[in-house]
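> I would like to see how this sequence folds:
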Amino acid sequence: MYKFFFKSFIDKCIAIIVLLLASPVILVVFCLLGIANDGKPFFYQKRPGRGGHIFSIIKFKTMNDRKDLNGNLLSDAERLTPIGAFVRKTSLDELPQLVNVLLGDMSLIGPRPLLVEYLPLYSERQMKRHEVKPGITGWAQINGRNTVDWPERFEMDVWYVEHLSFLLDLKIIWRTIFKVVKSEGVSSGTSATMEKFQGNS
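Modelled structure (predicted):
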């Protein structure tokens with residue numbers, strides 16, 4: 001009952017409350033990122049949701065669109081703006097995803113929505129991560145976030161799907177708050193973000 005009804009209802013109620021409470025912060029970040037990114041404060045990207053359904057994720061844009069002499073985008077680290085680095089470190093870039101929660105594309109808690117290009121690379125077991133809605137935070141995020149390798153991260157996603165419950169979600173929310181306060185696991189250690197998944201070897 002929780003998985004198929006109450007979880008979605010609770011998600012939307014909390015999303016509305018957080019959006020209202022955080023609206024002053026959202027407005028400030030919106031303005032600062034708009035200035036830093038030439039009037040583009042938001043980042044939109046197609047991501048697969050439950051059942052592989054494709055939707056547009058909304059995040060604050062933490063990197064500019066600077067390119068090299070050949071017209072190629074610079075590395076993530078080179079495009080990460082100072083305000084963007086702060087927004088990412090404090091996880092404020094995730095706040096716009098509350099709109100995705102209200103639209104029904106995402107949940108507050110679940111496996112993170114990854115790139116569409118990864119879909120054909122998953123094993124049959126790894127595909128189980130798409131049996132539930134993707135989340136703003138999740139079991140993998142509180143157990144290493146971007147510092148764990150892909151196989152371990154996917155295994156944690158599947159474990160969450162197989163053990164989803166109200167008490168588990170409460171635990172994840174509680175631990176997420178501490179992770180955000182301590183800014184743990186934002187980078188992978190070798191890049192500004194998580195390295196791309198290349199498939200199972």
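
> Show residues contacting the lengthiest helix in the chain.
Among all segments of the chain classified by DSSP state H, the helix with the greatest residue count is helix 166-182. Taking contacts as C-beta atoms under 8 Å, 6 or more residues apart in numbering, the residues outside helix 166-182 that touch it are 2, 6-7, 90-91, 108-109, 137-139, 141-142, 145, 160, 185. C-beta: built from backbone N, CA, C; applies to glycine.

> Helix or strand: which one has Leu114?
Using DSSP states H and E, Leu114 sits within no helix or strand.

> Tell me the confidence at it?
Looking at Leu114, its pLDDT is 95.

> Can you give me the neighbour number for it?
When neighbours are counted by other C-beta atoms under 10 Å, Leu114 registers 22.

> Same question for Leu27.
In terms of burial, Leu27 registers 10 neighbours under the definition other C-beta under 10 Å.

> rewinding a little: which among the contacts of helix 166-182 end up buried?
Members of those that pass the buried threshold by neighbour count (16 or more other C-beta atoms under 10 Å) are listed as Lys7, Ser91, Leu108, Ile109, Thr137, Gly138, Trp139, Gln141, Ile142, Arg145, Tyr160, Gly185.

> So which of these are in strands?
For those, the ones inside strands are Leu108, Ile109, Thr137, with DSSP state E as the criterion.

> close enough to count as contact, the second one and Lys133?
Read that as Ile109. No. The pair Ile109 and Lys133 does not pass the contact test of C-beta atoms under 8 Å, sitting 9.1 Å apart.

> tell me the phi and psi of Phe55?
Recorded main-chain torsions at Phe55 are phi -140, psi 170, according to degrees, to the nearest 10.

> List the contacts of it.
Residues in contact with Phe55 (C-beta under 8 Å, 6+ apart) are Lys46, Arg47, Gly49, Asn100, Leu103, Asp105, Met106, Pro113.

> check contacts around Val116.
Taking C-beta under 8 Å, 6+ apart, we find Val116 in contact with Lys46, Arg47, Pro48, Ile54.

> what is the last one paired to in the beta sheet?
Per DSSP bridges, residues listed as beta-bridge partners of Ile54: Pro48.

> what's the spacing between the residue of the chain most remote from its centre and Ile57?
For the chain, the C-alpha lying farthest from the average C-alpha position belongs to Leu69; by C-alpha atoms, centre = their mean, that distance is 31.2 Å. Counting by C-beta to C-beta, to the nearest Å, the gap between Leu69 and Ile57 amounts to 31 Å.

> So what's the residue count around Phe5?
Using other C-beta under 10 Å, Phe5 is surrounded by 9 other residues.

> Does it belong to a helix, a strand or coil?
Phe5 carries the three-state label helix when classified by DSSP: H, G, I helix; E, B strand; the rest coil.
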